[in-house]
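Visitor: No letters, just coordinates:
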């Protein structure tokens, strides 16, 4: 996931992520095609660091990136660091929870796991909607800072895509590099870099400079200002998944072994999501099945239900240890 920019001295600056043997990505920078330098974040060693961007002004460099997925804190957040150069940056500061996004001057963009990109700047809050899309990266062109680069994948499809979206005009274009959809590209002037897939793993990739590129107009993203929601989309009443008014009402017999089976599948999927696999809906489905199988065990049922809702609404992964402890206590009292 490269990011191209220029220093005040017109040096070519490339920020990117490099994975180690554990498939953990860490931030690096290369100046004028020099040797890569690790950008020290002082975050936990098992945290994934990705999606860097940066700009320089008279006070120094300003970097934003996404990090998360550690055993102690699996949530992903948008971070910022500042300093006179890349070797003397401040401690990272958490800006907000996000799976993708960036900060540039007084603009903050953050992508949800699915469907939406939120933008906050002096022009007003706005949301870009790509219904039915997993969002993998939200970046921008350092040479045209009102142009966003959004990489995603449609649910149920294998192909990825990137659109360039102009926040001023609303124009949007699909990008292709070397005859294929551009994955997490960076653009500066006539130079385009993208992450070319090199292996069977979804994120086994290398940075490649595009020899040829093509773009075509599209209308994939829908833009909405804050509170600009059609009446037909506004909710009225309670949804069908509201909690039962009668806690003793169950729709199927409960099976603790089946609960564990679905929770185990959900746990495996959660460990793969940070690597880029589009498993969000499968994870939700297994949590729902576990919840359904636990209806007769009210504490377990409510815990799993709350975990599923938190993941759907906020992207917060379940507290697996708490759930395992409840199940263990249930077995010990049988």
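Guide: Done, it's in. Just so we're clear, the structure is a prediction, and the values are computed from it rather than from any experiment. Numbering: from 1, shown residues only.
Visitor: Off-centre distance for stretch 210-222?
Guide: When distances are taken as Cα atoms, centre = their mean, to the nearest Å, stretch 210-222 is centred 21 Å away from the chain's centroid.
Visitor: and that stretch, average pLDDT?
Guide: The average of the pLDDT scores along stretch 210-222 is 87.
Visitor: Distance check, residue 77 against residue 46.
Guide: Distance of residue 77 to residue 46, computed by Cβ to Cβ, to the nearest Å: 15 Å. (Glycine included, C-beta is placed from N, CA and C.)
Visitor: So between the two, which is more surrounded?
Guide: Using other Cβ atoms under 10 Å, the more surrounded residue of residue 77 and residue 46 is residue 77, with 20 against 12.
Visitor: I'd assumed residue 69 was in contact with that one.
Guide: No - Residue 77 lies out of contact with residue 69 (Cβ atoms under 8 Å); the separation is 10.6 Å.
Visitor: Would you map the strands across the stretch 101-250 of the chain?
Guide: 107-111, 114-120, 126-141, 144-154, 160-166, 172-177, 180-181, 186-188, 191-197, 205-209, 213-217, 222-225 (DSSP state E, counting those that start in this stretch).
Visitor: so how far is the second one from its chain's centroid?
Guide: Here strand 114-120 is found 11 Å from its chain centre; the criterion is Cα atoms, centre = their mean.
Visitor: What are the contacting residues of that strand?
Guide: 100-101, 107-112, 125-135, 138, 148, 150, 155, 167, 221, 280 (Cβ atoms under 8 Å, 6 or more residues apart in numbering).
Visitor: what about burial for these, which qualify?
Guide: 100-101, 107-112, 126-128, 130, 133-135, 138, 148, 150, 167, 221, 280 (16 or more other Cβ atoms under 10 Å).
Visitor: So, low pLDDT: which residues of the stretch 51-200 of the chain?
Guide: Within the stretch 51-200 of the chain, no stretch has pLDDT under 70.
Visitor: element containing the closest residue to residue 282 other than its chain neighbours, please.
Guide: Spatial nearest neighbour of residue 282, excluding adjacent residues (Cβ to Cβ, 6 or more residues apart in numbering): residue 269 at 5.5 Å. Using DSSP states H and E, residue 269 maps to helix 256-273.
Visitor: helices or strands next to that helix in the packing?
Guide: When contacts are defined as 3 or more Cβ pairs under 8 Å, 6 or more residues apart in numbering; DSSP states H and E, helix 256-273 packs onto helix 280-293, helix 298-314, helix 320-332.
Visitor: how far off helix 320-332 does the first one point, in degrees?
Guide: Interaxial angle, helix 280-293 versus helix 320-332 (axes from the mean of the first three to the mean of the last three Cα atoms, to 10 degrees): 30 degrees.
Visitor: list the buried ones in helix 280-293?
Guide: Buried, per 16+ other Cβ under 10 Å, within helix 280-293: 280, 282-293.
Visitor: so can I have JSON lines of those residues showing pLDDT?
Guide: As requested, the buried residues of helix 280-293 are exported to JSON lines (pLDDT from 0 to 100):
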{"residue": "280", "pLDDT": "79"}
{"residue": "282", "pLDDT": "82"}
{"residue": "283", "pLDDT": "84"}
{"residue": "284", "pLDDT": "87"}
{"residue": "285", "pLDDT": "84"}
{"residue": "286", "pLDDT": "87"}
{"residue": "287", "pLDDT": "90"}
{"residue": "288", "pLDDT": "88"}
{"residue": "289", "pLDDT": "86"}
{"residue": "290", "pLDDT": "88"}
{"residue": "291", "pLDDT": "89"}
{"residue": "292", "pLDDT": "85"}
{"residue": "293", "pLDDT": "85"}
